[in-house]
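Asker: take a look and give me a structure for this.
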Amino acid sequence: MTFTTTVPRYTIESIRREACELVTAGKIGRNQPIYTLCQHIPAREWNSVECELEEYGHLLRDRIVDLLGSDFWRCD
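Answerer: Predicted coordinates for the structure are as follows:
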């Protein structure tokens, strides 16, 4: 018998939503690098996050504010 575990796939929108909530809560700063998110996302899910960020052209050294974009400021 083989057991497999499914790692949830993060979408760019779910990553942005998570980042927005963390910035709003004051847990991370908008000028911190995106890799700061790894402190708030389970390690087993981080690979999925990295792949999604890469697909949308975001580097881990980019700033959180680059990930959030202008939509964040309209909701602020």
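Asker: most centrally placed residue in the protein?
Answerer: Within the chain, the residue whose C-alpha comes closest to the C-alpha centroid is Ile15; the distance, by C-alpha atoms, centre = their mean, is 3.6 Å.
Asker: wait, that one touches Glu55, no?
Answerer: No - Ile15 is beyond contact range of Glu55, at 10.9 Å (criterion: C-beta atoms under 8 Å). Placement of C-beta: from N, CA and C, glycine included.
Asker: coming back round to it: any idea how far the host helix or strand of the residue nearest to the centre of the chain is from the middle of the chain?
Answerer: Using DSSP states H and E, Ile15 sits in helix 12-24. Centroid separation for helix 12-24 versus its chain: 6 Å, with C-alpha atoms, centre = their mean, to the nearest Å.
Asker: for it, name the packing helices and strands.
Answerer: helix 43-55, helix 64-75 (3 or more C-beta pairs under 8 Å, 6 or more residues apart in numbering; DSSP states H and E).
Asker: what pLDDT does the model give the residue nearest to Tyr56 when sequence neighbours are not counted?
Answerer: Setting aside the residues directly before and after it, Tyr56 is nearest to Ile12 in space (C-beta to C-beta, 6 or more residues apart in numbering), at 5.0 Å. pLDDT recorded at Ile12 is 95.
Asker: and the gap between Ile12 and Gly26?
Answerer: 23 Å (C-beta to C-beta, to the nearest Å).
Asker: who has more neighbours out of these two?
Answerer: Each of Ile12 and Gly26 has its neighbours counted (other C-beta atoms under 10 Å); Ile12 has more, 14 against 7.
Asker: for the more buried one, what are its contacts?
Answerer: For Ile12, the contact set (C-beta atoms under 8 Å, 6 or more residues apart in numbering) comprises 52-53, 55-56.
Asker: then Asp62?
Answerer: Contacts for Asp62 were tallied using C-beta under 8 Å, 6+ apart; they are 33-34.
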